[in-house]
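Colleague: for reference, the sequence and a predicted model appear below.
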Amino acid sequence: METQSIPWREKVQLIVRFLRGSIHYFVVALLCACLGMVFNALTPQVIRLTVDSILGAEQPSLPAFLQPLLPLLQAQKLHALWLAAAAVLLLALLRGFCNYGQRTQLSRGSESFVKRIRDGLYDHIQHLSFSWHTAHSTGEIIQRCTSDVDVIRTFVCNQLVEVVRTVFLIILYLVIMFRMNVRLSFVALAFIPIVGLSSGVFYRRISGRFQAADEAEGDLTTCAQENLTGVRVVRAFGRERFETDRFCEKNEKFASLWIRLGRLLSVYWASGTLLTCLQVMVIIVCGIVESVHGNMTLGEFLAFISYNEALSWPVRSLGRVLSDMSKAGVSLDRVGYILRAPEEKDAPEAAPHSAAGDIVFDHVTFGYGETPVLQDVSFTIPQGSTFAILGGTGSGKSTLVHLLDRLYDLQEGRITIGGVDIRSFTRESLRSQIGLVLQEPFLFSQTIRENIAATRPGAPQEELRSAAAIACVDEAICEFPEGYETLVGERGVTLSGGQKQRVAIARMLMQRAPIMVFDDSLSAVDAETDAKIRAALHESLGKATVLLISHRVTTLMQADCILVLDGGRVSELGTHAELIAKPGIYRDIYDIQMSSDDRRLLGKEGV
Ligand SMILES: Nc1ncnc2c1ncn2[C@@H]1O[C@H](COP(=O)(O)OP(=O)(O)OP(=O)(O)O)[C@@H](O)[C@H]1O
């Protein structure tokens with residue numbers, strides 16, 4: 001799946017959009033963090049006071065509210081030392097409280113933030129067009145909704161807060177340091193842009209590598225997902241070795257990308273450590289010179305060193321945050337790519353319409369890409385009739401259904417139902433009136449009852465059973481120990497292809513749609529069951545318009561009208577009797593398919 005970079009302004013808007021409702025947690029967390037910094041900054045001052053005025057003989061400089069303590073500090077050195085120790089303890093306790101507040105608020109904020117992203121993404125994906133879904137791999141969509149969302153969460157909830165905290169800390173410490181010694185503070189300050197610059201260079205270099213690693217992870221997920229979904233094919237064709245090799249190859253590429261990334265990170269961290277040591281060394285040397293010249297007391301020197309050391313780690317971590325920012329930037333691009341995809345939207349004038357009336361395909365031309373799949377296709381399906389479509393593989397039969405259901409939008413021509421262009425229907429009203437059974441039906445990992453009742457939850461059991469009986473699957477369901485409560489899917493029973501198709505037919509019948517489409521949906525049942533189902537459907541469908549697609553002539557021959565598609569064009573149109581009366585594709589297929597068995601079966605059906 002491609003990833004276009006989205007502008008930073010849009011990335012910020014994206015974050016702000018999902019932060020709504022949880023911003024107060026982050027504000028409180030930040031306040032706690034800043035307060036913790038203040039308490040942190042007071043500890044070296046206690047040390048300075050202890051060294052200079054309790055152990056040494058300097059006149060203590062205390063803020064006005066602490067002036068009453070002065071006589072106590074000067075009178076009894078031991079009491080003063082206890083007081084200093086108690087102050088350090090108190091500051092540590094206060095820092096602990098702030099830390100606790102920061103973490104609890106952050107975890108609440110981050111959980112509600114990430115929940116909002118997941119909900120937003122899921123809801124958006126539900127409204128993306130079918131063409132978008134077919135164009136993008138499921139594995140990668142899942143990866144973007146899980147790992148990428150996680151990277152964004154870590155960035156917003158930990159690193160972004162860390163940046164604000166670090167900036168506050170740098171300002172606070174620099175103010176204190178400048179008040180203590182301006183010259184030495186300038187030396188400490190000079191290192192900040194150097195560290196910042198090296199982080200910036202690093203940030204630019206690493207961004208592309210993170211993107212490549214993420215794309216490799218997407219490939220790996222897709223490969224694993226495909227393999228697990230197609231496990232039957234893998235086993236049947238003995239492709240285990242091939243699949244393992246394919247996975248290993250992708251896994252190796254993924255691992256080597258991360259190793260290269262790790263190497264780059266190590267270079268950064270090693271050079272950062274070197275820079276920090278250099279800065280500490282320079283400050284110690286300059287501080288000693290300042291102290292020797294009497295520009296600093298010993299206590300001030302010690303306090304300055306601890307401020308400087310406390311400053312070096314956050315400045316470096318700023319570099320790490322910047323590098324993580326590049327990763328988060330890539331993840332925001334990838335999640336943003338999904339969120340930017342346009343949702344299926346009805347035309348402003350679209351409204352719910354009744355799907356009663358004739359269905360007309362009027363000079364329809366359509367292609368998924370450059371090559372047209374359907375060319376100038378025109379035909380009419382009278383309301384209440386059974387209309388069949390026959391055609392070779394890839395002739396465009398399913399494409400007709402995709403267009404009727406508006407899974408894809410028409411490029412040329414128009415389709416009308418009862419004289420109303422299907423583009424004037426809201427998609428919901430159109431789709432709710434077209435019952436669809438696909439060649440490869442999908443059943444949810446729920447009970448058979450829930451699957452059949454998917455279109456009408458809460459429908460009475462008798463109705464479910466009668467729909468299942470029409471689809472000739474009721475008997476098979478009742479044979480399961482748990483009957484209709486049998487769970488299907490990975491954690492339940494595995495239904496045969498034919499059983500799945502019949503459950504899907506029952507599900508569609510529950511919809512009671514005025515238009516019913518069977519897209520090669522009896523291909524997995526034997527000819528006899530196919531005939532039984534058709535007979536039962538014939539009796540129960542009433543006034544519904546039925547569109548029947550099949551490769552099997554016996555399935556189609558009773559239809560009111562049969563259309564033969566050839567290479568995306570209408571080749572023949574007429575009743576079974578009309579079509580076999582003249583040479584053409586239909587008669588050829590009929591002659592090939594009609595074995596003596598079929599003729600016997602036809603005799604049974606009385607055709
Ligand atoms: N989502 C898609 N994207 C691109 N091409 C597609 C897509 N779906 C179908 N096609 C192509 O369109 C052509 C017609 O496909 P369609 O599924 O309509 O044929 P069909 O007659 O139903 O075939 P079959 O009987 O094998 O199911 C084929 O060449 C197919 O490769």
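Modeller: That came through, no problem.
Colleague: the chain: strands as residue ranges?
Modeller: 359-366, 374-381, 386-391, 412-417, 420-421, 434-437, 515-519, 545-549, 561-566, 569-574 (DSSP state E).
Colleague: can I get these in a markdown table including mean neighbour count?
Modeller: (C-beta placed from N, C-alpha, C; glycine too.) Shown next, in a markdown table, are the strands of the chain (neighbours: other CB atoms under 10 Å):
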| stretch | mean neighbour count |
| --- | --- |
| strand 359-366 | 18 |
| strand 374-381 | 18 |
| strand 386-391 | 25 |
| strand 412-417 | 18 |
| strand 420-421 | 16 |
| strand 434-437 | 23 |
| strand 515-519 | 23 |
| strand 545-549 | 24 |
| strand 561-566 | 22 |
| strand 569-574 | 16 |
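Colleague: can you redo those as CSV with distance to I6?
Modeller: Listed next are the strands of the chain as CSV, based on distance: least, CB to CB, whole Å:
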stretch, distance to I6
strand 359-366, 31
strand 374-381, 36
strand 386-391, 43
strand 412-417, 33
strand 420-421, 36
strand 434-437, 36
strand 515-519, 38
strand 545-549, 42
strand 561-566, 42
strand 569-574, 43
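Colleague: now these in TSV, with distance to the ligand?
Modeller: Putting the strands of the chain into TSV (distance: least, CB to the nearest ligand atom, whole Å) gives the following:
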stretch	distance to the ligand
strand 359-366	9
strand 374-381	8
strand 386-391	5
strand 412-417	15
strand 420-421	22
strand 434-437	13
strand 515-519	7
strand 545-549	7
strand 561-566	7
strand 569-574	12
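Colleague: which one of the ones you listed lies nearest to K345?
Modeller: Nearest to K345, of all the strands of the chain, is strand 420-421, at 16.3 Å by CB to CB.
Colleague: for the closest one, which strands pair with it and how are they oriented?
Modeller: Strands that pair with strand 420-421, judged by DSSP bridges, come out as strand 412-417 (antiparallel).
Colleague: what angle do the partner strand and strand 359-366 make?
Modeller: Inter-element angle recorded for strand 412-417 and strand 359-366: 160 degrees (by axes from the mean of the first three to the mean of the last three CA atoms, to 10 degrees).
Colleague: tabulate the strands of the chain (CSV), appending mean pLDDT.
Modeller: Converted to CSV, those look like this (pLDDT from 0 to 100):
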stretch, mean pLDDT
strand 359-366, 93
strand 374-381, 92
strand 386-391, 90
strand 412-417, 92
strand 420-421, 92
strand 434-437, 90
strand 515-519, 90
strand 545-549, 90
strand 561-566, 92
strand 569-574, 90
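Colleague: which helix is the longest one in the protein?
Modeller: The helix that spans the most residues within the chain, counting by DSSP state H, is helix 240-292.
Colleague: not counting its own residues, what contacts stretch 462-471?
Modeller: Here stretch 462-471 makes contact (CB atoms under 8 Å, 6 or more residues apart in numbering) with 449, 452-453, 456, 474, 477, 484, 502-503, 505-507, 509-510, 533, 536-537, 540.
Colleague: sorry, that was for stretch 489-505
Modeller: 437-438, 441-448, 451-452, 468, 470-473, 476-477, 480, 486-488, 518, 521-526, 529, 533, 537.
Colleague: mean confidence (pLDDT) on that stretch, please.
Modeller: For stretch 489-505, the mean per-residue pLDDT is 78.
Colleague: hmm, back to that, just the buried subset of the contacts of stretch 489-505, please.
Modeller: 437-438, 441, 443, 447-448, 451-452, 468, 470-473, 476-477, 480, 486-488, 518, 521-525, 529, 533, 537 (16 or more other CB atoms under 10 Å).
Colleague: in helices, which of those fall?
Modeller: Those of those lying in helices (DSSP H): 448, 451-452, 468, 470, 476-477, 529, 533, 537.
Colleague: out of those residues, who's near the ligand?
Modeller: Cross-checking these against the ligand (CB under 6 Å from any ligand atom) gives no overlapping residues.
Colleague: output the residues you listed as TSV; include the columns pLDDT.
Modeller: Formatted as TSV, those follow (pLDDT from 0 to 100):
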residue	pLDDT
I448	90
N451	90
I452	91
A468	90
I470	87
A476	87
I477	89
T529	75
I533	78
L537	75
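Colleague: could I get these as CSV with distance to S137?
Modeller: Below are those laid out as CSV (distance: CB to CB, whole Å):
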residue, distance to S137
I448, 30
N451, 26
I452, 30
A468, 35
I470, 37
A476, 34
I477, 34
T529, 35
I533, 35
L537, 36
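Colleague: among these, which one lies nearest to Y173?
Modeller: N451 (63.8 Å).
Colleague: excluding chain neighbours, give the residue nearest to the closest one in space.
Modeller: Leaving aside its chain neighbours, N451 sits nearest to L443 (5.1 Å; criterion: CB to CB, 6 or more residues apart in numbering).
Colleague: burial measure for the closest residue to the ligand within the stretch 501-607 of the chain, as a count.
Modeller: Taking CB to the nearest ligand atom as the measure, the stretch 501-607 of the chain has D520 as its residue closest to the ligand, at 6.0 Å. Neighbour count of D520, defined by other CB atoms under 10 Å: 21.
Colleague: next one: E252
Modeller: Other residues close to E252 by other CB under 10 Å number 11.
Colleague: now do the same contact list for the residue of the stretch 501-607 of the chain closest to the ligand.
Modeller: 397-398, 439, 549-551.
Colleague: restrict these to the buried ones and give me that as a PyMOL selection.
Modeller: To isolate the buried members of these in PyMOL, using 16+ other CB under 10 Å:
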select buried, resi 397+398+439+549+550
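Colleague: list just the nearest of the contacts of D520 to R246.
Modeller: Q439 (27.3 Å).
Colleague: just checking, that closest one touches S398?
Modeller: Yes - counting by CB atoms under 8 Å, Q439 does reach S398; the two are 7.4 Å apart.
Colleague: which residues do the two both contact?
Modeller: 519-520.
Colleague: returning to that earlier point: any idea which of the contacts of D520 the model trusts least?
Modeller: Pick the lowest pLDDT in the contacts of D520 and you get Q439, at 78.
Colleague: sorry, back to before: who touches the residue nearest to N451 in this structure?
Modeller: 451, 488-489, 495, 500, 503-504.
Colleague: tell me, how many residues neighbour F155?
Modeller: 23.
Colleague: who touches it in this structure?
Modeller: 324-325, 327-328, 331 are the contacts of F155 under CB under 8 Å, 6+ apart.
Colleague: top of the residues you listed by neighbour count?
Modeller: Most crowded among those, counting by other CB under 10 Å, is S331 at 25 neighbours.
Colleague: quick check: that one vs A213, distance?
Modeller: 11 Å (CB to CB, to the nearest Å).
Colleague: C98 too?
Modeller: Counting by CB to CB, the gap from C98 to A213 is 36 Å.
Colleague: among the contacts of stretch 462-471, name the buried ones.
Modeller: For those, buried by 16+ other CB under 10 Å: 449, 452-453, 474, 477, 484, 502-503, 505-507, 509-510, 533, 536-537.
Colleague: and the ones in helices among the buried ones among the contacts of stretch 489-505, which is closest to Q13?
Modeller: Once CB to CB is applied, the member of these that ends up nearest Q13 is N451, at 40.6 Å.
Colleague: if I pick the closest one, what's in contact with it?
Modeller: 443-444, 488, 503, 507.
Colleague: G392 too?
Modeller: Counting by CB under 8 Å, 6+ apart, G392 has contacts 565-566.
Colleague: what score does the residue most central in space within the chain have for pLDDT?
Modeller: Central residue of the chain (CA atoms, centre = their mean): C145, 2.3 Å from the mean position. C145 carries a pLDDT value of 88.
Colleague: can you check the pLDDT for the closest residue to it other than its chain neighbours?
Modeller: Closest residue to C145 in three dimensions, ignoring its sequence neighbours and counting by CB to CB, 6+ apart: L121, at 5.3 Å. pLDDT for L121: 92.
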